[in-house]
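> Any chance you can model this:
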Amino acid sequence: MIDGEALNHPKGVIPNSVWNPVCFLSFKFLDRRFLRIFLLNMKIFWTSLVLLLLFVIGCSKMKPEAIGSYNAIYTFADKYEIEKLREPLEIAFERPIKTPRPEKLFRIEWGDTSTLDNATVHHIVLISASLNSPGDWGAYIRMNLSPQALDSVKLGKYNIFIKHDVWAKNQILIILTAPTVDELSDYIISHTDELFKIVNDYCNENVGEWLFGEYGSEGEKIDLEKKIARQYGFGIRVPRMFDWEKGVAAEHFLWLRALEPERWVFVYWTPLAPADVGKISLKWFTHIRDSLCAIFYEGDSLQHGFLTYERTSLDGLSGIMYRSRWFNAKKTLGGPVVGFILDDVENHRRYILDGAVFAPSIKKEPYLRHCEVIMRSFRHNSKIFLNSITSEK
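This next block holds a predicted model:
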């Protein structure tokens with residue numbers, strides 16, 4: 001039995017009975033009568049072979065490690081429905097990065113049955129089809145959901161199903177479905193942030209394992225983390241390739257930096273008055289950030305017209321997550337920015353966590369994600385942070 005998860009289930013988890021066993025097809029059914037029946041209809045025969053291939057691969061205990069980029073989503077939809085699903089899925093996942101050369105946080109790699117073998121060894125696989133779809137993927141979903149689950153989809157209770165390690169180790173399979181393609185399209189459009197978060201969290205988790213893991217004789221800089229936590233009163237993880245570049249606790253400023261390519265993360269805090277909790281002025285933020293960069297980093301500033309934000313929380317602190325683009329007018333340089341503004345009400349601090357990349361002529365997304373993962377390791381309680389790195393390391 002393969003466990004499944006439905007994100008819009010009241011308790012967040014589907015009962016085990018939702019998913020039928022992946023290996024439920026027995027080869028005893030592949031007798032002459034079975035073959036004669038399916039050879040009469042090549043479309044049905046081909047669909048059965050595709051489904052059988054998926055089941056056999058899923059049943060194998062000798063699964064390979066998933067390969068490829070963490071920002072590629074190998075996506076499958078039936079030809080009868082793809083035109084109604086293409087744009088909603090692209091809106092959900094292909095979000096732009098604010099960089100001089102256009103990039104996307106994730107890219108959709110559209111596939112069909114001919115590319116299935118290649119897709120099943122990659123990290124992120126997405127299948128989107130309605131229960132009414134006459135194509136291969138509609139059939140796959142109907143055959144993999146129990147009668148209970150099918151009824152729940154029809155009632156609008158479940159729409160998202162998540163599986164791990166179906167065809168490869170360290171792989172996530174996301175299945176999106178609804179009774180009709182129009183209902184599925186509407187669901188995707190109305191849950192774009194939720195869908196993006198599923199993939200983004202999975203990507204951040206895996207990038208974090210590499211970023212903070214050991215490579216050769218180098219690993220996460222635990223001693224440096226302890227020093228920062230004791231001096232600043234907050235904690236943040238420091239990967240092997242980053243160093244404490246500038247800043248002292250008395251200035252409320254910490255700057256971590258890595259080279260080849262250059263990317264950096266800074267943490268700054270300012271006193272938070274009770275009346276200002278939850279009230280974040282973008283004008284104030286831009287002024288503070290540009291002032292810090294004028295002091296500590298060669299006068300970089302945020303480029304006008306590129307700042308976007310969304311409400312979020314991190315480490316239990318409410319605030320915003322922002323994206324923008326930095327530029328240096330004197331040197332004619334620029335790159336993407338991602339960051340957080342968080343209110344620590346208990347300690348009367350407002351934090352700015354800011355990450356940026358300078359990587360001319362190469363893709364910035366992987367390195368900007370390094371910055372995001374580091375910032376997401378931020379903990380406003382230094383005692384809890386110190387206890388966690390001491391117990392885990």
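> burial count for the closest residue to Ala359 other than its chain neighbours?
In this structure, Ala359 finds its nearest non-sequential neighbour in Pro261, 3.6 Å apart by Cβ to Cβ, 6 or more residues apart in numbering. For the C-beta atoms, the positions are set from N, CA and C on the backbone; glycine is no exception. By other Cβ atoms under 10 Å, 16 other residues sit near Pro261.
> same thing with Val238?
As a measure of burial, Val238 has 22 neighbours, counting by other Cβ under 10 Å.
> Equivalent analysis for Ser281, please.
Number of residues near Ser281 (other Cβ under 10 Å) recorded here: 11.
> quick one: low-confidence ranges for the stretch 51-200 of the chain?
51-61 (pLDDT under 70).
> could you pull out the helices for it?
Remark: helices assigned in the stretch 51-200 of the chain by DSSP state H, counting those that start in this stretch are 82-93, 116-119, 136-144, 147-154, 181-190, 192-211.
> out of the ones you listed, which comes closest to Asp344?
Asp344 sits nearest to helix 192-211 of all the helices of the stretch 51-200 of the chain, at 22.0 Å, using Cβ to Cβ.
> which of the residues in the closest one are buried?
195-196, 198-200, 202-204, 206-208, 211 (16 or more other Cβ atoms under 10 Å).
> Distance to Ala294 added to these, as a markdown table?
What follows is those, written out as a markdown table (distance: Cβ to Cβ, whole Å):
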| residue | distance to Ala294 |
| --- | --- |
| Leu195 | 39 |
| Phe196 | 34 |
| Ile198 | 39 |
| Val199 | 37 |
| Asn200 | 32 |
| Tyr202 | 38 |
| Cys203 | 33 |
| Asn204 | 31 |
| Asn206 | 36 |
| Val207 | 31 |
| Gly208 | 32 |
| Leu211 | 29 |
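> quick check, nearest of those residues to Pro64?
Comparing these against Pro64 with Cβ to Cβ places Asn206 closest, at 15.8 Å.
> quick one: that closest one and Ile127, what's the gap?
Using Cβ to Cβ, to the nearest Å, Asn206 is found at 20 Å from Ile127.
> How about Ile362?
32 Å.
> Please apply the same query to Asn200.
According to Cβ to Cβ, Asn200 and Ile127 sit 19 Å apart.
> Mind telling me which residue is nearest the centre of the chain?
When Cα atoms, centre = their mean is applied to the chain, the residue found nearest the centroid is Asn200 (0.8 Å).
> Next, the contact list for it, please.
By Cβ atoms under 8 Å, 6 or more residues apart in numbering, the contact set of Asn200 is 105-106.
> before we move on, what about Gly247?
Contacts of Gly247 by Cβ under 8 Å, 6+ apart are 253-255, 266, 296.
> Quick one, grab the pLDDT at it.
What the model reports for Gly247 is a pLDDT of 96.
> Leu35 too?
pLDDT, Leu35: 36.
> How is this structure divided into domains?
16-210, 219-392 (automatic domain parsing).
> next one: the first one to chain centre, how far?
Here the centre of mass of C-alpha atoms in domain 16-210, compared against the chain's by Cα atoms, centre = their mean, to the nearest Å, lies 17 Å away.
> these two touch, right, Thr308 and Ser324?
Yes: contact criterion Cβ atoms under 8 Å: Thr308 and Ser324 qualify, at 7.2 Å.
> more neighbours, the two?
With neighbours defined as other Cβ under 10 Å, Thr308 and Ser324 compare such that Ser324 has more, 23 against 13.
> Assign that one to helix, strand or coil.
Judged by DSSP: H, G, I helix; E, B strand; the rest coil, the three-state class of Ser324 is strand.
> how close does it sit to Leu272?
From Ser324 over to Leu272 (counting by Cβ to Cβ), the distance is 22 Å.
> Any idea what the residue nearest to Thr308 when sequence neighbours are not counted is bridged to?
Using Cβ to Cβ, 6+ apart and skipping the chain neighbours, the partner closest in space to Thr308 is Arg323 (5.4 Å). Judged by DSSP bridges, the bridge partners of Arg323 are Thr308, Val338.
> thinking Arg323 is in contact with Gly335, fair?
No: using Cβ under 8 Å, Arg323 is not in contact with Gly335; the gap is 11.9 Å.
> what's the span of stretch 185-196, first residue to last?
Stretch 185-196 has an end-to-end distance of 15 Å (Cα to Cα, to the nearest Å).
> residues making contact with it?
If you take Cβ under 8 Å, 6+ apart as the criterion, stretch 185-196 is touched by 7-8, 84-85, 88-89, 91-93, 95, 106, 128, 159-160, 174, 176, 178, 310.
> what separates the residue lying closest to His164 once chain neighbours are set aside from Glu209, distance-wise?
Excluding its sequence neighbours, the residue lying closest to His164 (Cβ to Cβ, 6+ apart) is Ile172, at 5.9 Å. Note on Ile172: its distance to Glu209, by Cβ to Cβ, is 14 Å.
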